[in-house]
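Undergrad: Pasted the sequence and its predicted model underneath.
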Amino acid sequence: MPNRFDYVRYSALSLCHEEITANNVSGSTAELGVYKGDFSRQINYLFSKRKIYLFDTFEGFDAKDIQLDQENKFSIGSQDFSDTCVDFVMKNMPHPDNCIIKKGFFPETAFGISDSFCFVSIDADLFAPIYEGLSFFYPLLEKGGYIFVHDFNNNDYKGAKQAVLKFCKENNITYVPIPDVAGTVIIPK
């Protein structure tokens, strides 16, 4: 069920799920930047038979990532995302047995993962983790899969857009912005 607060993003996820299902795209799902798990819950609900990797510090932003954003005038990085925990997120998952928690700093938490992916949400707000997320997940994305990057058109987190533009330019990849609350961009493969 789409979230009333961000109907466009949740509806786009549902449509991408339908395409992935109709085209028999294989692979797991993931979210980098889980926070309290609202979007993760919807991914877990729709992709009920697939694994979902949940990457987050569950403690807020890393100081070095904030410093990079501040130095480049991308954001002030002052928003506090520490009011969450793994237990809170897991209690809200409709299919918790399919959830794989990867607590800590990305990309270190991705070490050893060799799965392919059909859908990935990147909602890490800051330049470095978004760029690292794209660098890690795009090569593992199955043909017919999608990556959503949240905050692409959010003036409070300009590093999100810069990370997407840099990665896509370096790799000659196209993307589609959607008019959701924070301006998500969809990267298909």
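TA: Thanks, I have the structure now. The model shown is predicted, which means the values in this text are computed figures rather than measured ones.
Undergrad: Show which residue of this protein lies farthest from the average position.
TA: Glu71 (23.8 Å; C-alpha atoms, centre = their mean).
Undergrad: Can you name the residues that contact that residue?
TA: With contact taken as C-beta atoms under 8 Å, 6 or more residues apart in numbering, Glu71 is in contact with no other residue. Placement of C-beta: from N, CA and C, glycine included.
Undergrad: Against Val34, how distant is it?
TA: Shown here: Glu71 relative to Val34, a distance of 26 Å by C-beta to C-beta, to the nearest Å.
Undergrad: go on, Ala128?
TA: 17 Å.
Undergrad: tell me, what residue is most central in this protein?
TA: In the chain, the C-alpha nearest the mean C-alpha coordinate belongs to Ile122, at 1.8 Å (C-alpha atoms, centre = their mean).
Undergrad: Next one: that one from Ser116, what distance?
TA: 17 Å.
Undergrad: swap in Leu46?
TA: Leu46 is 18 Å from Ser116, by C-beta to C-beta.
Undergrad: May I see the buried residues of the lengthiest helix in the chain?
TA: Longest helix in the chain by number of residues (criterion: DSSP state H): helix 7-22. Buried residues in helix 7-22, counting neighbours by 16 or more other C-beta atoms under 10 Å, are found at 9-10, 12-13, 16-17, 20.
Undergrad: can you redo those as a markdown table with pLDDT?
TA: Output for these, formatted as a markdown table (pLDDT from 0 to 100):
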| residue | pLDDT |
| --- | --- |
| Arg9 | 96 |
| Tyr10 | 96 |
| Ala12 | 97 |
| Leu13 | 98 |
| Cys16 | 98 |
| His17 | 98 |
| Ile20 | 98 |
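Undergrad: just these now: which is nearest Lys102?
TA: Of all the buried residues of helix 7-22, Lys102 sits closest to Leu13, with 20.5 Å by C-beta to C-beta.
Undergrad: what residues are up against the closest one?
TA: Here Leu13 is in contact with 39, 42-43, 46, 119, 121, 148 (criterion: C-beta under 8 Å, 6+ apart).
Undergrad: Just those: which are in helices?
TA: Going by DSSP H, the helices hold 39, 42-43, 46 from these.
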